[in-house]
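no FASTA, just this:
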């Protein structure tokens, strides 16, 4: 039996950079340390940081309450935040460590510039995802639309008949992004559309590699947090190529039901999955199959 782990599985550049920043701050410990939301969508990492005294706070109100006790350092996670959040944190007197992924920061710059130039902004992504919430905070909210699926793309009409700039959540499915953009481009009444593919290279590479691996695997295992958007998309991609695809957070979640002959097992993992968990899953599969 062959077990193949995707080369791109696990922490991407932006996540690794953010997590390292938090651990560095935890070692220094100059006052309380907070992250604005969980630093990454992985429960194991968040739990480990909590044991080191790092608190994940999900709103400005929670940070304000924390500040009343003792000022500290707030670490902006890789997803980034809105311009308003930055300004409120600065006014509140927090020391800010910005761990926003550089690819996400680039989108902030793009939408701010195009919004100021009179473009309506379309963000292809999930409206509930913190990265998308942050991106929306850098452009005119009255002229910004988030589109996640085919129905929303079909129903989309520019609010003002303006020129349109389209960007993507960095972890969005590349194939689906192209399809949604094509639907919007076919609307004849939009006079000027600028499309910027802001899906990061690491995401594209991870998705393409996962699809190829799943296609040649009898069993495909996708590892990542349940709230991880990029892991959910990996699962969807793998499931299309391999019916026996499992979505797990740790080795303890893996309940293999296949009883026939298995030649190839593929393993991939989302951008927020530590190497340690991937190795544990790989070891578990070797002992159980």
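Looks like it arrived, so ask away. Note that the structure is predicted; figures quoted are calculated from it, not measured.

Please spell out the segments of the stretch 1-150 of the chain that come in under the pLDDT threshold.
63-64, 66-70 (pLDDT under 70).

Tell me where it has strands.
Using DSSP state E, counting those that start in this stretch, the strands of the stretch 1-150 of the chain run over 2-5, 33-36, 54-57, 73-76, 95-98, 119-124, 144-147.

The ones you listed: which one's closest to residue 251?
Of all the strands of the stretch 1-150 of the chain, it is strand 2-5 that lies closest to residue 251, at 13.1 Å by Cβ to Cβ. C-beta: built from backbone N, CA, C; applies to glycine.

quick one: contacts for residue 206?
6, 8, 9, 12, 230, 234, 268, 271 (Cβ atoms under 8 Å, 6 or more residues apart in numbering).

Would you double-check that it falls in a helix?
Yes. According to DSSP: H, G, I helix; E, B strand; the rest coil, residue 206 belongs to a helix.

per-residue confidence for it?
In this model, residue 206 is scored at 93, pLDDT.

do residue 224 as well
What the model reports for residue 224 is a pLDDT of 93.

surely it meets residue 246?
No. With contact defined as Cβ atoms under 8 Å, residue 224 and residue 246 do not form a contacting pair (11.5 Å).

more crowded one of the two?
residue 224 (26 against 20; other Cβ atoms under 10 Å).

Phi and psi next, for that one.
Per-residue torsions, residue 224: phi 170, psi 170 (degrees, to the nearest 10).

For it, give its distance to residue 289.
Distance, residue 224 to residue 289, by Cβ to Cβ, to the nearest Å: 21 Å.

what do you get for residue 60?
In terms of Cβ to Cβ, residue 60 sits 48 Å off from residue 289.

This protein: helices as residue ranges?
With helices called from DSSP state H, the chain shows them at 13-28, 43-51, 60-69, 83-91, 102-116, 130-136, 150-155, 174-185, 201-215, 229-241, 275-288.

Average pLDDT for the last one, rounded please.
This points to helix 275-288. For helix 275-288, mean pLDDT rounds to 92.

so it versus helix 43-51, what angle?
Interaxial angle, helix 275-288 versus helix 43-51 (axes from the mean of the first three to the mean of the last three Cα atoms, to 10 degrees): 130 degrees.

Please enumerate residues in contact with helix 275-288?
By Cβ under 8 Å, 6+ apart, helix 275-288 touches 3, 5, 9-11, 44, 221, 223, 248-251, 254, 256, 265, 267, 269.
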